[in-house]
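J.: Requesting a structural model of the entry that follows:
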Amino acid sequence: MEPRKRKKRLWLAIPLALVLVGALVSFGKHSVMADWRTANRESAGIAPDPEITAEAVVQVYVARAFSWRGWFGVHTWIATKATGAKAYTVYQVVGWRVFHDGGGSAVAIGESAPDRRWFGSDPKIIVDLRGDGVDEVIQRIDAAARRYPYADQYVLWPGPNSNTFTAYIGREVPELKLDLPPTAIGKDFLTHGRFFDASPSRTGYQVSLYGLFGLLAGVEEGLEVNILGLTFGVDAKDFALKLPLAGRIGFQEN
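T.: This next block holds a predicted model:
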């Protein structure tokens, strides 16, 4: 075999091998056997109790998506609690609100347990802000959520979806320094028809063609390449490898 052809096949084999590794890890983490009517939606007990926590709190959560979708990606949402408040407000995008609620808004805003399991999947906290100055951050999150430009749309792949919403909030509220996992399919779908924008953490920049192909470089995110919505990358800050399906492998897995 000619050396040039051998190199070409090697470059094709590397991403395919990484996807295979991601698939093996993902399948070990998630089950598709859940029934949405009986799936666990109870609190995971990882959020500060608002009854005894007076300070302001902002948290961003991630959990494997429901059913077969969880093999490939995650659902993300944001929870806030103002100083002295006795309940959390949860912000998220839910597709069924568009499809089955008479064409309603995909943006769901309401008081709820912030750390509820996502139909059986345990949540993880990827952002945790507390204390002084967080009340102002909460106000900007609320304002940004209410002007989300795709409130009447939901597209599972490549977006706009729940992860598009969370990434949008991150760009609007830089204090979050939001580093979404590579499994947050839809995070690279840029709003307002843009092809170039700040990264979700606002510590870098990205180019993206409707969330299908793109390149991102940021202090928080590291370097990411998006191919058909699948993210490959390296996060030097956290010494982690980013893979489709598997997520982040290294210092901080999600």
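J.: switch to C-alpha atoms for all contacts and neighbour counts from now on
T.: Noted.
J.: Can you show me the strands along the protein?
T.: Ranges of strands in the chain, per DSSP state E, are 57-64, 74-81, 89-93, 107-111, 124-130, 196-198, 204-209, 213-218, 222-227, 230-235, 240-243, 247-250.
J.: so what's the residue nearest to R171 when sequence neighbours are not counted up against?
T.: Take R171 and drop its neighbours on the chain: the residue closest to it by CA to CA, 6 or more residues apart in numbering is P200, 4.9 Å away. P200 sits next to 167-171, 177-180, 187 when contact means CA atoms under 8 Å, 6 or more residues apart in numbering.
J.: And the pLDDT for P200?
T.: On pLDDT, P200 comes in at 98.
J.: if I look at it, how far off is F189?
T.: Separation of P200 from F189 (CA to CA, to the nearest Å): 11 Å.
J.: what do you get for L176?
T.: From L176 to F189 the distance is 19 Å (CA to CA).
J.: Out of the two, name the residue with the larger neighbour count.
T.: More crowded of L176 and F189, by other CA atoms under 10 Å: F189, with 29 against 22.
J.: residue ranges with poor pLDDT in the stretch 1-150 of the chain?
T.: 1-36, 101-102 (pLDDT under 70).
J.: Can you identify each of the helices in it by residue range?
T.: 3-29, 69-72, 96-99, 134-146 (DSSP state H, counting those that start in this stretch).
J.: Switch the strands of the chain over to JSON lines; also include distance to P149 and mean neighbour count.
T.: Supplementary listing: the strands of the chain in JSON lines, determined by distance: least, CA to CA, whole Å; neighbours: other CA atoms under 10 Å:
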{"stretch": "strand 57-64", "distance to P149": "20", "mean neighbour count": "25"}
{"stretch": "strand 74-81", "distance to P149": "17", "mean neighbour count": "26"}
{"stretch": "strand 89-93", "distance to P149": "12", "mean neighbour count": "23"}
{"stretch": "strand 107-111", "distance to P149": "10", "mean neighbour count": "17"}
{"stretch": "strand 124-130", "distance to P149": "23", "mean neighbour count": "17"}
{"stretch": "strand 196-198", "distance to P149": "15", "mean neighbour count": "17"}
{"stretch": "strand 204-209", "distance to P149": "18", "mean neighbour count": "19"}
{"stretch": "strand 213-218", "distance to P149": "21", "mean neighbour count": "20"}
{"stretch": "strand 222-227", "distance to P149": "23", "mean neighbour count": "20"}
{"stretch": "strand 230-235", "distance to P149": "24", "mean neighbour count": "22"}
{"stretch": "strand 240-243", "distance to P149": "29", "mean neighbour count": "23"}
{"stretch": "strand 247-250", "distance to P149": "27", "mean neighbour count": "20"}
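J.: out of those strands, nearest to P160?
T.: Checking those against P160 by CA to CA gives strand 89-93 as the closest, at 9.6 Å.
J.: which residues touch that closest one?
T.: With contact meaning CA under 8 Å, 6+ apart, strand 89-93 is reached by 76-81, 106-114, 145, 161-162, 165-166.
J.: ok, now stretch 202-216?
T.: Residues contacting stretch 202-216 (CA under 8 Å, 6+ apart): 158-159, 170-171, 174, 177-178, 186-190, 193, 195-199, 217-220, 222-229.
J.: Need the CA coordinates for it. PDB is fine.
T.: Taking only C-alpha atoms (Å, rounded to 0.1, in the frame of the first residue of the first chain), the coordinates of stretch 202-216 have been written out as PDB:
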ATOM      1  CA  ARG A 202     -17.000  33.200  26.800                       C
ATOM      2  CA  THR A 203     -13.300  32.400  27.300                       C
ATOM      3  CA  GLY A 204     -12.800  31.700  23.700                       C
ATOM      4  CA  TYR A 205     -14.400  31.600  20.200                       C
ATOM      5  CA  GLN A 206     -16.000  29.200  17.900                       C
ATOM      6  CA  VAL A 207     -17.100  28.800  14.300                       C
ATOM      7  CA  SER A 208     -20.100  26.500  13.500                       C
ATOM      8  CA  LEU A 209     -22.200  25.600  10.500                       C
ATOM      9  CA  TYR A 210     -25.600  25.100  12.100                       C
ATOM     10  CA  GLY A 211     -24.100  22.900  14.800                       C
ATOM     11  CA  LEU A 212     -23.100  20.300  12.200                       C
ATOM     12  CA  PHE A 213     -19.400  21.200  11.600                       C
ATOM     13  CA  GLY A 214     -17.300  23.600  13.600                       C
ATOM     14  CA  LEU A 215     -14.200  24.400  15.600                       C
ATOM     15  CA  LEU A 216     -14.000  25.800  19.100                       C
END
